[in-house]
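In: here is the input, now give the coordinates:
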Amino acid sequence: MNHRITVAGYHFSLFRMTLPMFIELLLQMLVGSIDQIMLSQYNDTAVAAVGNANQIMTTLILSFNVVCLAATIMLSQFLGARDEAKTKQIYTLAVLLDLTLSLVLGFLLLVFADPLLHLMKVPADALAEAKTYLIITTLTLPCQALMLTFSAFLRAHAKMLVITCSTGVINLINIAGNMALIYGIGPCPRLGVAGAAISTSICRTIGMLIVMFAFFRTVPGARISLKLLRPFPTDIFKRFLSIGLPSGGEGLSYNLSQSVSLIFVNMLGTYAVTTRMYTTIFAQICYMLVSAVSASAAIIIGYCIGAKDYEQADQINWRIIKEFTPISVLLALLLAFFAKPLFGLFSSDPQVIALGQQVLWIEVLLELGRCINIIMVRSLQAVGDVMCPVTVGICSQWLVGVGVAYFFGLHLGMGLAGIWLAFMLDECVRAIIFIFRWKQGRWRQMKTI
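Out: Okay, the predicted model is just below:
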């Protein structure tokens, strides 16, 4: 696993890149999930409320990945080609695009919060708290956008440890803030869901300041200036969109489909919503590991493409799949085996615990498909084959992930377990298609930089 790879004069260690990124992604997940975990001691309604609000927020935040993914891919390729002038233009363009996008989306969310939550069929007893959490966290959406953007810059330069340390600090602040504001400690009032939202907002602001400081201190020649966009780099902007829209669109489509599926879960009742939230938190462990290694591999593959070393790019992709798919499945098996005590940590409801056990066993097969799927998507994006992942993703996520979820979960009455079976089929179908796509080798002839 600890492979040392040299590309165009740059030296990479897959282990040293993946480990801090895995920890960082886990900590990032905890920033949102820790609210639900700590609110589980407050009441189950609060967990359902924050879970629904976070589904909306996650979908919006993923729209920033349109820019962040494009920035990471293009920076990797230009760094591999040693084009410093264009890397500086990408820094400024990415910041400008994500900041503008966050302001527009934040305004729209504040205006349409009520109809959006009603559209998602949030349970009536969780509606008020979901709205409170959503509105408060929306106010710091620009901070989240900038934090993700500067993290993408650091990631492209393989500064993984810097991001991990900053994310760790953010989580400590979030936990302390939640303890003080959810339950009320000392002079702090007992605010419940509102307290969790305030704590999360503070973390985002501090996180933005930390990664910006790290970027300017650790990246040689780092500079953000509108002067670098004069004359406006139309060719880079078009390339940004041609990579970012499909690459970010795949993730955005997935989360939109998950939001629609959450409507089906909401129709099953609060206990099903709560079970889904806890199951998602546990499953994130597998997801984050694969996301970390696929993101690390994609950066190295991007350097390979910039240096025109296609054979090494191919070898790295298959090596990652062979080594990490068994690890991901093993983790899922461990989670399924210990499902009862895991769910028992957060809930005493026997319905939640029993249903959670069923779903985590389905999760084992789901992770088999998802591991291959995530690695292949990132590799295809890194080599410039960006349209295939988004096209296949949209078709499968909506026809299988949503359509079959409705058929199994509601029409056949299989409930949350049926919905999870549909998710498993969606991941496996896409994984098989992407394997065939990569083996066709069309990406070797695609224009990159």
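In: find the residue at the geometric middle of the protein.
Out: Ranked by distance to the mean C-alpha position of the chain (CA atoms, centre = their mean), the top residue is L62 at 6.8 Å.
In: and the helix or strand that contains that one, what does it pack onto?
Out: Here L62 is covered by helix 44-63, with elements defined by DSSP states H and E. With contacts defined as 3 or more CB pairs under 8 Å, 6 or more residues apart in numbering; DSSP states H and E, helix 44-63 has these neighbours: helix 14-39, helix 84-119, helix 124-138, helix 141-156, helix 193-218, helix 234-266, helix 270-306. Backbone N, C-alpha and C define where each C-beta goes, glycine included.
In: would you turn those helices into TSV with mean neighbour count?
Out: Converted to TSV, the helices and strands packed on helix 44-63 look like this (neighbours: other CB atoms under 10 Å):
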stretch	mean neighbour count
helix 14-39	21
helix 84-119	17
helix 124-138	21
helix 141-156	25
helix 193-218	21
helix 234-266	19
helix 270-306	24
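In: do a quick rundown of the strands in the stretch 301-449 of the chain.
Out: Counting by DSSP state E, counting those that start in this stretch, the stretch 301-449 of the chain has no strands at all.
In: mean pLDDT lowest for which of the helices and strands packed on helix 44-63?
Out: Ranked by mean pLDDT, the helices and strands packed on helix 44-63 end with helix 14-39 in last place, scoring a mean of 70.
In: returning to what we had before: what does the pLDDT read for the residue nearest to the centre of the chain?
Out: At L62, the model reports a pLDDT of 73.
In: that one is in contact with E250, isn't it?
Out: No - between L62 and E250 there is no contact under CB atoms under 8 Å: 9.7 Å.
In: what sits closest to V383 if chain neighbours are left out?
Out: Among residues not flanking V383 along the chain, W443 sits closest, at 4.2 Å (CB to CB, 6 or more residues apart in numbering).
In: mind listing what that neighbour touches?
Out: L380, V383, G384, D385 (CB atoms under 8 Å, 6 or more residues apart in numbering).
In: look up the closest residue to the first one, ignoring the ones flanking it.
Out: With sequence-adjacent residues excluded and distances taken as CB to CB, 6+ apart, L380 is closest to P389, at 5.4 Å.
In: against W443, how distant is that neighbour?
Out: Separation of P389 from W443 (CB to CB, to the nearest Å) stands at 11 Å.
In: intersection of neighbour lists for these two?
Out: The contact sets of P389 and W443 overlap at L380 (CB under 8 Å, 6+ apart).
In: ok so, going back, using TSV, please lay out the contacts of W443 together with pLDDT and neighbour count.
Out: Listed next are the contacts of W443 as TSV, based on pLDDT from 0 to 100; neighbours: other CB atoms under 10 Å:
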residue	pLDDT	neighbour count
L380	91	27
V383	86	25
G384	81	21
D385	86	20
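In: farthest pair in the residues you listed?
Out: L380 and G384 (8.4 Å; CB to CB).
In: that older thread, report the angle between the helix holding L62 and helix 124-138.
Out: If you take axes from the mean of the first three to the mean of the last three CA atoms, to 10 degrees, helix 44-63 sits at 40 degrees to helix 124-138.
In: distance check, the residue nearest to the centre of the chain against I136.
Out: 20 Å.
In: cool, S294 as well?
Out: In terms of CB to CB, S294 sits 33 Å off from I136.
In: swap in Y183?
Out: For Y183 relative to I136 (CB to CB), the value is 17 Å.
In: same check on R430?
Out: Relative to I136, and taking CB to CB, R430 is found at 35 Å.
In: over to M17?
Out: M17 sits 35 Å away from I136, taking CB to CB as the criterion.
In: same question for L93.
Out: From L93 over to I136 the distance is 30 Å, taken as CB to CB.
In: kindly report the same for I263.
Out: Using CB to CB, one obtains 23 Å as the distance from I263 to I136.
In: and for T164?
Out: Distance from T164 to I136, by CB to CB: 27 Å.
In: ditto for L355
Out: Taking CB to CB, one finds L355 at 30 Å from I136.
In: what does L342 give?
Out: Counting by CB to CB, the gap from L342 to I136 is 30 Å.
In: likewise for W438?
Out: The span separating W438 from I136 equals 43 Å under the rule CB to CB.
In: ok, now G384?
Out: 40 Å.
In: next one: L19
Out: 34 Å.
In: what do you get for T275?
Out: For T275, the distance to I136 - CB to CB - is 26 Å.
In: F22 against V290, yeah?
Out: No - proximity of F22 to V290 does not meet the contact threshold set by CB under 8 Å, at 9.3 Å.
In: now do the shared contacts for the two.
Out: In contact with both F22 and V290: no residue, using CB under 8 Å, 6+ apart.
In: show me what contacts L365?
Out: When contacts are counted by CB under 8 Å, 6+ apart, L365 is found next to M424, C428.
In: I should have written I372 there, sorry.
Out: With contact taken as CB under 8 Å, 6+ apart, I372 is in contact with I321, T325, A431, F434, I435.
In: tell me the contacts of the second one?
Out: When the contact criterion is CB under 8 Å, 6+ apart, the partners of T325 are L368, C371, I372.
In: which among these gets closest to M414?
Out: L368 (20.7 Å).
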